[in-house]
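Trainee: have a look; sequence and predicted model below, questions after that.
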Amino acid sequence: MQEMDYILQTRGLSVYYDTKKVVTDVNLDVARNRITAIIGPSGCGKSTLLRCFNRMNDLIPTARVEGQVLFDGRDLYGPDIDPTEIRYLIGMVFQRPNPFPKSIYDNVAFGPRINGFKGDMEEVVERSLRRAALWDEVKDRLKASALALSGGQQQRLCIARALAVEPSVILMDEPCSALDPIATLAIEELMRELSEDYSIIIVTHNMQQAARVSNYTAFLMVEESRVGFLVEFGESRRIFTNPVDERTEAYITGRFG
Amino acid sequence: MVRADFDRSLEELQAELVVLGEMVEAAILKAMDALERRDMAMAYEVVAGDDLIDEKRFELEEKSIDLIATQQPLAIDLRTLLSVLHIAVELERMGDYAEGIGKICMIIGDDVPVEIPKQLPQMAKMGITMLRRSLKSLVDRDTVLANDVWDSDDEVDVLYDGVCRQIFLDMGQHPHTIEAATHFLWVAHDLERIADRATNIAERVIFLVTGRSGGSGKHHRETQ
């Protein structure tokens, strides 16, 4: 059997806000060039867990992380790591599309410019927009405001913006929750294509979406005594047809609580 | 539709499946009764009544599809609906075998002076028991019972082999009964298939409960 290739691994990962534990002792292996979905009820810590992967929690003053996150085997929270650099390598797409109030072009060029990129910016913008399946729709109006795009287009622009800085991982926090079904399908299709070159972790409340797009699914839960613990992790097709843990079963069939 | 309504719909669907099972059981009983008594009117009723079984099956299918489309079921719900669809088809096919026996009955007619092989009513009885128990295992989510149904198929197969040998023997000894005996072979075949279909239902129950397909992994006769 081929040994699995993991890009991100957590070891005994716990997260606190002040003294409140919101993620509890999570051990999770994220496969390279695959889509891993994190599901679970509201408040189960899935977004917090997602933010551990690019050290976004550092930006919350009261947040504290225990345990390890390994990125290609390196300790993501080690002293030699620059969190800003990590956020390029591990990009993020949020729930609501959040383009800058700038032109389409400038949105995509933003990251490379900050990074002091000296190469062919037009090429980077085109490549990123193509990879985000947006190029054909915007190639004639790159100078137009990003805010004039539809919600689905804005979300793909945000993906293009993340891709422009050449990440290896893309974190997506409910990327389709503000989109209609057509735009949602476009993003899902894009995720599938991107997963050939990138590792994707997606937090979603939509079971069908997790079942449709992801290769692996992690189910996180919250109980009175514990918050944000991993109940079950495995291949999505198994999780959604025949979960082992009855709590997973109850959650994905809507019998929860 | 809220979760409670969905649960109710799933229960209703399974109750209707049991009703379909009862219709099939009645058809088998009636077909065998007609055969034993050489009652042509009764045989015709079985043949005509198969339409109702077919209708019921499509009704179940439609309801299952509606629920799949509107509820987008996962895990146990998904397995339940897939099993209902599958079992409805199995039952409908069992109904077809009963219809087949009814037709044979009409072909043989009421003037042939041969007796039906005694194993045939036995096989019918066992098939019906297996059908009932397979549906009970569904309602009770009872995999032990489902496995029992599986095991009892072997007994039907033994009876089937026995009745085939007996019929061949009779054919040799009483050439004038060859035509009727050939029809009896078909009846035996239909009854054997009915038992097989009951094991298929049991197999679906095991899938429904455990998520494992392939039943108990036993190989059983596929004569069709």
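Mentor: All right, it came through fine. Numbering: from 1, shown residues only, chains lettered A, B, ... in the order given.

Trainee: distance check, B:Ala4 against B:Asp140.
Mentor: B:Ala4 is 22 Å from B:Asp140, where distance means C-beta to C-beta, to the nearest Å. Every residue, glycine included, has its C-beta placed from N, CA and C.

Trainee: and what of A:Lys20?
Mentor: Counting by C-beta to C-beta, the gap from A:Lys20 to B:Asp140 is 45 Å.

Trainee: so between those two, which is more surrounded?
Mentor: B:Asp140 (13 against 9; other C-beta atoms under 10 Å in any protein chain shown).

Trainee: my guess is A:Gln154 contacts A:Val138, does it?
Mentor: No - assessed by C-beta atoms under 8 Å, A:Gln154 is found out of contact with A:Val138, at 10.8 Å.

Trainee: shaky segments in chain B?
Mentor: By pLDDT under 70, the weakly predicted segments of chain B are B:1, B:112-113, B:215-224.

Trainee: give me the pLDDT value at the residue in chain A positioned nearest to chain B.
Mentor: Residue nearest to chain B within chain A: A:Asn242 (2.9 Å; C-beta to the nearest C-beta). Listed pLDDT for A:Asn242 reads 93.

Trainee: could you find the closest non-adjacent residue to it?
Mentor: B:Gly211 (2.9 Å; C-beta to C-beta, 6 or more residues apart in numbering or on different chains).

Trainee: so that neighbour sits against A:Phe240, correct?
Mentor: No - using C-beta under 8 Å, B:Gly211 makes no contact with A:Phe240, being 10.9 Å away.

Trainee: and the two? Which one has more around it.
Mentor: In this view B:Gly211 and A:Phe240 are compared by other C-beta under 10 Å, and A:Phe240 has more residues nearby, 24 against 16.

Trainee: list the contacts of the residue lying closest to the more buried one once chain neighbours are set aside.
Mentor: In this structure, A:Phe240 finds its nearest non-sequential neighbour in A:Ala211, 4.3 Å apart by C-beta to C-beta, 6+ apart. Residues near A:Ala211 by C-beta atoms under 8 Å, 6 or more residues apart in numbering or on different chains: A:Thr217, A:Ser236, A:Arg237, A:Phe240, B:Leu74.

Trainee: which one (most neighbours) among these?
Mentor: In the contacts of A:Ala211, the most neighbours by other C-beta under 10 Å go to A:Thr217, 27 neighbours.

Trainee: on the three-state scheme, that one is what?
Mentor: strand (DSSP: H, G, I helix; E, B strand; the rest coil).

Trainee: these two touch, right, it and A:Thr241?
Mentor: No - if you go by C-beta under 8 Å, A:Thr217 and A:Thr241 don't touch, sitting 11.4 Å apart.

Trainee: nearest to B:Glu16, out of the contacts of A:Ala211: which one, please.
Mentor: B:Leu74 (22.5 Å; C-beta to C-beta).

Trainee: before we move on, the earlier item: ok, now which ones touch the residue nearest to A:Asn242?
Mentor: B:Gly211 touches A:Thr241, A:Asn242, B:Arg79, counting by C-beta under 8 Å, 6+ apart.

Trainee: so which of the residues you listed belong to helices?
Mentor: A:Thr241, B:Arg79 (DSSP state H).

Trainee: and the closest residue to B:Leu138 other than its chain neighbours, what element?
Mentor: Nearest residue to B:Leu138, sequence neighbours excluded (C-beta to C-beta, 6+ apart): B:Val205, at 4.9 Å. Using DSSP states H and E, B:Val205 maps to helix B:178-210.

Trainee: what's the answer for A:Phe256, then?
Mentor: Using DSSP H and E, A:Phe256 maps to neither a helix nor a strand.

Trainee: what's the neighbour count on it?
Mentor: 14.

Trainee: got the contact list for it?
Mentor: Per C-beta under 8 Å, 6+ apart, neighbours of A:Phe256: A:Pro41, A:Ala250.

Trainee: and B:Cys105, how far from chain A?
Mentor: Remark: distance between B:Cys105 and chain A (C-beta to the nearest C-beta, to the nearest Å) = 44 Å.

Trainee: mind listing what A:Met56 touches?
Mentor: So A:Met56 contacts A:Arg87, A:Met92 (C-beta under 8 Å, 6+ apart).

Trainee: and chain B, which of its residues are near chain A?
Mentor: Contact residues, chain B versus chain A (C-beta under 8 Å from any C-beta of the partner chain): B:Arg3, B:Phe6, B:Gln72, B:Pro73, B:Leu74, B:Ala75, B:Ile76, B:Asp77, B:Leu78, B:Arg79, B:Thr210, B:Gly211.

Trainee: can I get those in CSV including distance to A:Asn54?
Mentor: Formatted as CSV, the residues of chain B next to chain A follow (distance: C-beta to C-beta, whole Å):
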residue, distance to A:Asn54
B:Arg3, 36
B:Phe6, 39
B:Gln72, 32
B:Pro73, 35
B:Leu74, 30
B:Ala75, 32
B:Ile76, 36
B:Asp77, 36
B:Leu78, 35
B:Arg79, 38
B:Thr210, 40
B:Gly211, 36
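
Trainee: whichever of those end up buried, select them in ChimeraX.
Mentor: Buried subset of the residues of chain B next to chain A, written as a ChimeraX selection, criterion 16 or more other C-beta atoms under 10 Å in any protein chain shown:
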select /B:6,73,74,75,76,77,78,79,211
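
Trainee: now, among the residues of chain B next to chain A, which is nearest to A:Arg127?
Mentor: Using C-beta to C-beta, B:Gln72 is the member of the residues of chain B next to chain A that lies nearest A:Arg127, at 36.5 Å.

Trainee: could you find the closest non-adjacent residue to the closest one?
Mentor: Counting by C-beta to C-beta, 6+ apart, the residue nearest B:Gln72 is A:Gln208, at 5.4 Å.

Trainee: quick check: phi and psi at the residue nearest to A:Phe240.
Mentor: The phi and psi torsions at A:Ala211 (degrees, to the nearest 10) take the values phi -70, psi -40.

Trainee: from the chain's centroid, how far away is stretch B:166-179?
Mentor: Chain-centre distance of stretch B:166-179: 28 Å, with C-alpha atoms, centre = their mean, to the nearest Å.

Trainee: please name the nearest non-neighbouring residue to A:Thr204.
Mentor: A:Ala210 (5.2 Å).

Trainee: tally of neighbours for that neighbour?
Mentor: Other residues near A:Ala210 come to 26 when the count uses other C-beta under 10 Å.

Trainee: so how far is B:Asp151 from it?
Mentor: On the measure of C-beta to C-beta, A:Ala210 and B:Asp151 end up 40 Å apart.

Trainee: which of the three states applies to the residue nearest to B:Gln72?
Mentor: helix.

Trainee: got the angle between whichever strand or helix holds B:Asp77 and helix B:178-210?
Mentor: If you go by DSSP H and E, B:Asp77 is part of helix B:75-108. Computed by axes from the mean of the first three to the mean of the last three C-alpha atoms, to 10 degrees, the angle separating helix B:75-108 from helix B:178-210 equals 170 degrees.

Trainee: what does the pLDDT read for the residue lying farthest from the centre of chain A?
Mentor: Relative to the centre of chain A, the most outlying C-alpha is that of A:Asp140, 29.6 Å out, by C-alpha atoms, centre = their mean. Per-residue confidence (pLDDT) for A:Asp140: 97.
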